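In: all I have is the shape, not the residue letters:
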């Protein structure tokens, strides 16, 4: 037989056998793909940690909390427009640093420490801006 014919036969056999093996493994919960769950539409859509990939759940949570603090401060009047813009710019810089750290699919200890320090600084800035006397309007008057 020629090499081309052998290659075509091998490719055909692999194409036919792959769905059968996948279906058999899916019944036992072995092959779950990139997600946790069995592929049902209500399955949890969290990525499984693969080799060389690290998620940053603590950093993500801190970014969400700080974004909420900025949003609430703007809503209740304790942050001016300029303060809000400055704080959101800080959050954008933190998010870009996080994305840059994840480019090699691994966040080193030094990168993680740097991002947490940026988050600490931004958190202190949020607290300072929300508690200074620059209000969007006088939120302490009752009339």
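Out: Perfect, I can see it now. All figures in this text were calculated on a predicted structure; none of them were measured in a lab.

In: may I see the buried residues of stretch 95-107?
Out: Residues of stretch 95-107 classed as buried under the neighbour-count rule (16 or more other Cβ atoms under 10 Å) are 97-98, 101-102, 107. Every residue, glycine included, has its C-beta placed from N, CA and C.

In: cool, stretch 118-137 as well?
Out: Residues of stretch 118-137 classed as buried under the neighbour-count rule (16+ other Cβ under 10 Å) are 118-119, 122-123, 126, 129-130, 136.

In: any chance of those in CSV, plus secondary structure, distance to residue 62 and pLDDT?
Out: Rendered in CSV, the data for the buried residues of stretch 118-137 read as follows (DSSP: H, G, I helix; E, B strand; the rest coil; distance: Cβ to Cβ, whole Å; pLDDT from 0 to 100):
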residue, secondary structure, distance to residue 62, pLDDT
118, helix, 10, 97
119, helix, 5, 97
122, helix, 9, 97
123, helix, 8, 97
126, helix, 11, 97
129, helix, 17, 94
130, helix, 17, 93
136, coil, 25, 70
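
In: can you tell me which of those residues is closest to residue 86?
Out: residue 129 (7.8 Å; Cβ to Cβ).

In: list the contacts for the closest one?
Out: 73, 78-79, 83, 86-87 (Cβ atoms under 8 Å, 6 or more residues apart in numbering).

In: make it 6 Å
Out: For residue 129, the residues meeting the contact criterion (Cβ atoms under 6 Å, 6 or more residues apart in numbering) are 79, 83.

In: how many neighbours does the residue nearest to residue 131 when sequence neighbours are not counted have?
Out: Taking Cβ to Cβ, 6 or more residues apart in numbering as the measure, residue 131 lies nearest to residue 78, with 7.4 Å between them; neighbours along the chain are not counted. Neighbours of residue 78 under the rule other Cβ atoms under 10 Å: 17.

In: count of residues packed around the nearest residue to residue 134 once chain neighbours are set aside?
Out: Counting by Cβ to Cβ, 6+ apart, residue 134 lies nearest to residue 80, which is 5.3 Å off, once chain neighbours are set aside. For residue 80, the count of nearby residues is 17 (other Cβ under 10 Å).

In: the domain parsing of the chain - what is it?
Out: Residue ranges for each domain of the chain read 1-47, 57-130, as given by automatic domain parsing.

In: I am finished for the moment; much appreciated.
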